[in-house]
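here is the input, now give the coordinates:
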Amino acid sequence: MSMFGTNIDVKALGKVAVLMGGRSSEREVSLMSGTGVLAALQSKGVDAHKFDPAEQGLDQLKVQGFDRCFIALHGRYGEDGTVQGALELLDIPYTGSGVMASSIAMDKIMTKRIWRFEGLPTPDWRMVDSAEATRAALQDLGAPMIVKPARDGSSIGLTKVTNADECARAYELAAQYDAEVLCEQFIAGDETTCPVLGTGAKAAALPVIRIVAPEGNYDYQNKYFTDTTQYHCPSGLPAAEEAEIQRIVEKAFRTLGCRGWARADIMIRASDRKPFLLEINTSPGMTGHSLVPMAARASGVSYENLCLGILAMSTLDGEAEQP
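Modelled structure (predicted):
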């Protein structure tokens, strides 16, 4: 992995648009990610430019002669297959997963259905459409329970519910962000995340990161704007646990048909040390607080080489896997 992002013909990459900002609830974080990626690519000699889809139509990518796109958009209209579909129609290669994998991974419920079918461990869940259904889910799943939008990221709209009185408010908050709301069994234990780089048989997990947040609350604020959250990489986990997490993350990545890069979140249940997959992000953060660059550094890959390597894997659906 230490070779990642090296021996790349920068000129062959052509004119590159770094897509950032966009219209999702994660616009602010996307601008932070994109700014970092843009500077990294330019430092490597790439002809890279900022492009905000909230400010100009994607058709302008063709008009302005862009050869490929680095997608640094997060959330809806960026990570959910819609931008990927538009770029397919424009015939402009892009970073990360294709239309179907992006769309499925953005929908936490569909992701969990597929993982469960493939025998991968993920917490029990219920899909709900009302406060009453949320209370019924708490009866089924037990307390505490996580209530969150099915298709948003960065812990936006998420509540940890401990009793029935909190269900209505938790449902209403999640429903502000998505018509589909997910209730998920809470797994008490170590919180970890693990990135994957590559495609198909070549996809490989990076080192696992163990996350220790204030009061165990790894929310939007603690993800991006505070310095009190601790990230341990190396994780400090037993070697067998780390290897098992990497194994299931690679399988989770391939099962959904992901490519290029992604980052999966995993809880390790304290009672028996069993890992559970929560979700997978197909356009992970690339800010100063972000975790993919942290894991890459631990395996000998600089931020600049990481960005360049991801860009070099940009492709279109149906194209042959890059060498």
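
for the nearest residue in space to T6 that is not next to it in sequence, identify the helix or strand it belongs to.
Closest residue to T6 apart from its sequence neighbours, by Cβ to Cβ, 6 or more residues apart in numbering: N305 at 6.2 Å. C-beta: built from backbone N, CA, C; applies to glycine. According to DSSP states H and E, N305 maps onto helix 303-312.

show me where pLDDT drops low in this structure?
1-2, 152-154, 216-226, 320-323 (pLDDT under 70).

in it, which spans are helices?
27-43, 59-63, 82-90, 99-106, 108-117, 131-141, 167-175, 220-224, 239-255, 291-298, 303-312 (DSSP state H).

show me what the second one packs onto, helices and strands only.
With contacts defined as 3 or more Cβ pairs under 8 Å, 6 or more residues apart in numbering; DSSP states H and E, the secondary structure elements packing on helix 59-63 are helix 82-90.

name the surrounding residues that touch the helix it packs on.
By Cβ atoms under 8 Å, 6 or more residues apart in numbering, the residues outside helix 82-90 that reach it are 19, 22, 53, 58-59, 61-62, 69, 71, 73, 76-77, 93-94, 96-99, 102, 316-317.

any of those buried? List them.
19, 22, 53, 58, 61, 69, 71, 73, 76-77, 93-94, 96-99, 102, 316-317 (16 or more other Cβ atoms under 10 Å).

among these, which are in strands?
By the criterion of DSSP state E, membership of those in strands covers L19, C69, I71.

ok, of the residues you listed, which one's closest to L278?
Set against L278, the nearest of these by Cβ to Cβ is I71 (22.1 Å).

my guess is the closest one contacts S97. True?
No - taking contacts as Cβ atoms under 8 Å, I71 lies outside contact range of S97: 9.4 Å.

in the sheet, who's paired with the residue nearest the centre of the chain?
Nearest residue to the geometric centre of the chain (Cα atoms, centre = their mean): N281, 1.7 Å. The bridge-partner assignment for N281, based on DSSP bridges, gives R263.

next: E184.
W125, I146.

pretty sure it is in contact with P149, am I right?
No - using Cβ under 8 Å, E184 is not in contact with P149; the gap is 11.7 Å.

ok, back up a step: and the residue nearest to the centre of the chain, what is it in contact with?
E79, A105, G153, A262, R263, A264, D265.

once you drop chain neighbours, what's closest to the fourth one?
Pointing back at A262 there. Closest to A262 by Cβ to Cβ, 6+ apart is T282, at 4.9 Å.

what about the one you found, distance to R297?
According to Cβ to Cβ, to the nearest Å, T282 stands 21 Å off from R297.

more crowded one of these two?
The neighbour count for T282 versus R297, taken as other Cβ atoms under 10 Å, is higher for T282 (30 against 15).

for stretch 19-33, the distance to its chain's centre please.
Centroid separation between stretch 19-33 and its chain, computed with Cα atoms, centre = their mean, to the nearest Å, is 13 Å.

and that stretch, what's buried?
Buried-residue list, stretch 19-33, by 16+ other Cβ under 10 Å: 19-22, 24-27, 29-33.

most widely separated two among the residues you listed?
Among the buried residues of stretch 19-33, L19 and S25 lie farthest apart (Cβ to Cβ), at 16.6 Å.

so who does A174 touch?
Per Cβ under 8 Å, 6+ apart, neighbours of A174: V147, K148, P149, G157, L158, T159, V181, L182.

which of those sits closest to V128?
Of the contacts of A174, the one sitting nearest to V128 (Cβ to Cβ) turns out to be V181, at 5.1 Å.

can you get me a residue count around that closest one?
27.

circling back: tabulate the contacts of N281 (a markdown table), appending distance to L291.
Putting the contacts of N281 into a markdown table (distance: Cβ to Cβ, whole Å) gives the following:
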| residue | distance to L291 |
| --- | --- |
| E79 | 16 |
| A105 | 16 |
| G153 | 13 |
| A262 | 12 |
| R263 | 6 |
| A264 | 11 |
| D265 | 9 |
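
just those now: which is nearest I248?
Taking these together and measuring to I248 by Cβ to Cβ, the closest member is A264, at 8.2 Å.

quick one: that closest one and F276 touch, right?
No - using Cβ under 8 Å, A264 makes no contact with F276, being 10.8 Å away.

now do the contacts for the nearest residue to G21 once chain neighbours are set aside.
Counting by Cβ to Cβ, 6+ apart, D52 is the residue found nearest to G21 once chain neighbours are left out, at 3.7 Å. Counting by Cβ under 8 Å, 6+ apart, D52 makes contact with L19, M20, G21, G22, L31.
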